[in-house]
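Undergrad: Quick one: sequence and predicted model below, then my questions.
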Number of protein chains: 2
Amino acid sequence: MVKPIKITHVSKTFGKQQVLDDINLTIEPETIYGLLGRNGAGKSTLFNIITNRLPLTRGEVTIGGQSVTNNDAVLNRIYLMSEANLYPSRMRVEDIFKLTKQLYQGMDEKLTQSLTQQFGLNSHARFNKLSTGSRSIMKLIIALAVDVDYVILDEPTLGLDANHRRMFYDALLDSYAKRPRSFVISTHLIEEVSQLIERVWVLQDHRIMIDETTEEMLNKGYAITGPINDVSTYTAGLNVIGHEELGHLVVHYVYGDLDNDRPIPDTISISHIDLQRLFIYLTNQEVAKVEN
Amino acid sequence: MVKPIKITHVSKTFGKQQVLDDINLTIEPETIYGLLGRNGAGKSTLFNIITNRLPLTRGEVTIGGQSVTNNDAVLNRIYLMSEANLYPSRMRVEDIFKLTKQLYQGMDEKLTQSLTQQFGLNSHARFNKLSTGSRSIMKLIIALAVDVDYVILDEPTLGLDANHRRMFYDALLDSYAKRPRSFVISTHLIEEVSQLIERVWVLQDHRIMIDETTEEMLNKGYAITGPINDVSTYTAGLNVIGHEELGHLVVHYVYGDLDNDRPIPDTISISHIDLQRLFIYLTNQEVAKVEN
């Protein structure tokens, strides 16, 4: 039976710089997570720690009680797709597929072939001759076809056009339906993955700011629109994370519960907001400062 | 008075490979264009030809009747932001700003300063020490602040997080309102720029497939949803560019006029679709083949 990955009190410093501060997360089996954070928030560092590519400063990462540190048997169950290019640069795509199959417990050859064809990837090409987009495609094919319990995808769609991104999301869901396992996806294209991910982690100021199901999170995000006085009165004391002016009207964005006892004036309207907008306001420190 | 840029019968081959085939476009003053195309469609090649960084095989690019070829006076009016890094790698950001100011007719120092602060860019940093995201930010600041009549942006938001992307779109609109000029934006994040661009060019199979206002284009895109027989009957003979199954229902995507004389059965619903989806179906050759 597949055990969860437990990330317990993990911190990481580079010299004097704290990059991760007391991270506690659980990656459950058969669940799709989104790790969201601003540029430089520490997402890639966290992924490299989970897969033992970087040493941690404090804390531990375990699977079924076993530390991942230098534990090949356990690390073989996790595949990390990242910007790093770990293959001999002159190796051909088809040979990289073969090598991966040997390094891990196996690789779905039928899926590899059908995705290679679908994405129009030339499997005879040498890795160093591939464009950025084609490199992403090769790595995505490996990530979906390799036989592991945990797949970690760091900016998987970098450089992919809209058609290829959509093909990838479809292929991921299809692969997940046939062989449920855990995915952790880090991306700046938040709105595009909002339908895929079941649980959202937001990494901000080196800590986990949010660890909720996507549904819970979306349910807590509101846009309150109306004349400034009515909106301000209604949102006083609520967790206002941002605001905008729309001509004569204002919009206050709220994250958290509304006050059910508070009367809602006819002049204001309340609606939910999408995940990307919610993320933007939650992680926009300048706006947050204005609000405080 | 600012003259349009005219791209007339432009073709480009690399060896035996045809990359651009008889491109005819006009960049009017004070207009924002989106150049959309799949990976490898030739977008960057076209930009490099417009700015005389690459020689063309046939045709010409002119401004007010003057060819851009080796014509510095004319080329000084166009700024191309691209992935290419043209600066001495150890130069500091602030010195790159100064150099740009000298190379072009000038640069808005106040805007440069305020954007540098807003995006949190360290202007003392050396170029080679900047992350991919920070390099994009530096180039975007130059592109918005430099005094030219035409700004060409090739994948401007590569590596930027959602907050920075939004900040950039806002800054672009703000700058355009204060000093109207032409922008040509190439991006894979189509939905995010659909509000910005007034006119859409789609480059497909080395040719311009679409040259329309954004509004015209959106008006021609339809999703016809319903039971398969009713939908197929209704869309027979129309320009069906894609289809999807949704449980028992199907969706046919149509680009072009519907037939007003054709009765619409109660079982089907007709709605418009967004620009990104429209692009995906128009440029998805596999689907197009299925339809033919």
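TA: Here it is on my side, so go on.
Undergrad: Under a three-state scheme, what state does the residue nearest to A:Leu189 when sequence neighbours are not counted occupy?
TA: Counting by Cβ to Cβ, 6 or more residues apart in numbering or on different chains, A:Thr157 is the residue found nearest to A:Leu189 once chain neighbours are left out, at 6.1 Å. No exception for glycine: its C-beta is placed from N, CA and C like everyone else's. Assigned by DSSP: H, G, I helix; E, B strand; the rest coil, the conformation of A:Thr157 is coil.
Undergrad: so what's A:Thr157 up against?
TA: Counting by Cβ atoms under 8 Å, 6 or more residues apart in numbering or on different chains, A:Thr157 makes contact with A:Ser136, A:His164, A:Arg165, A:Phe168, A:Thr187, A:Leu189, A:Glu192.
Undergrad: Check A:Ile137 too.
TA: By Cβ under 8 Å, 6+ apart, the neighbours of A:Ile137 are A:Phe119, A:Leu121, A:Leu160, A:His164.
Undergrad: ok, back up a step: the contacts of A:Thr157 in helices, which ones?
TA: Among these, the ones falling in helices (DSSP state H) are A:Ser136, A:His164, A:Arg165, A:Phe168, A:Glu192.
Undergrad: Name all residues that make contact with the last one.
TA: It stands for A:Glu192. A:Thr157, A:Arg165, A:Tyr169.
Undergrad: now the contacts of A:Thr157 in JSON lines, with pLDDT?
TA: Formatted as JSON lines, these follow (pLDDT from 0 to 100):
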{"residue": "A:Ser136", "pLDDT": "92"}
{"residue": "A:His164", "pLDDT": "95"}
{"residue": "A:Arg165", "pLDDT": "96"}
{"residue": "A:Phe168", "pLDDT": "97"}
{"residue": "A:Thr187", "pLDDT": "95"}
{"residue": "A:Leu189", "pLDDT": "95"}
{"residue": "A:Glu192", "pLDDT": "95"}
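Undergrad: Which of these are buried? Put it as a ChimeraX command.
TA: Buried residues among the contacts of A:Thr157 (16 or more other Cβ atoms under 10 Å in any protein chain shown), as a ChimeraX selection:
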select /A:136,164,165,168,187,189,192
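Undergrad: can you redo the contacts of A:Thr157 as JSON lines with distance to B:Arg38?
TA: JSON lines is the format used below for those (distance: Cβ to Cβ, whole Å):
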{"residue": "A:Ser136", "distance to B:Arg38": "14"}
{"residue": "A:His164", "distance to B:Arg38": "8"}
{"residue": "A:Arg165", "distance to B:Arg38": "11"}
{"residue": "A:Phe168", "distance to B:Arg38": "14"}
{"residue": "A:Thr187", "distance to B:Arg38": "20"}
{"residue": "A:Leu189", "distance to B:Arg38": "17"}
{"residue": "A:Glu192", "distance to B:Arg38": "17"}
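Undergrad: What is the nearest of the contacts of A:Thr157 to B:Phe183?
TA: Lowest distance from B:Phe183 to the contacts of A:Thr157 (Cβ to Cβ) belongs to A:Leu189, with 22.2 Å.
Undergrad: wait, what's in contact with that closest one?
TA: Counting by Cβ under 8 Å, 6+ apart, A:Leu189 makes contact with A:Thr157, A:Arg165, B:Leu189.
Undergrad: tally of neighbours for A:Asn239?
TA: 15 (other Cβ atoms under 10 Å in any protein chain shown).
Undergrad: That should have said A:Gly256, apologies.
TA: A:Gly256 is flanked by 11 other residues according to other Cβ under 10 Å.
Undergrad: Tell me the spacing between it and B:Asn52.
TA: Separation of A:Gly256 from B:Asn52 (Cβ to Cβ, to the nearest Å): 55 Å.
Undergrad: A:Val193 too?
TA: 40 Å.
Undergrad: Neighbour count for those two, which is higher?
TA: Set A:Val193 next to B:Asn52 and count neighbours by other Cβ under 10 Å: A:Val193 wins out with 24 against 19.
Undergrad: Confirm for me that that one is in contact with A:Gly34.
TA: Yes. Counting by Cβ atoms under 8 Å, A:Val193 does reach A:Gly34; the two are 5.7 Å apart.
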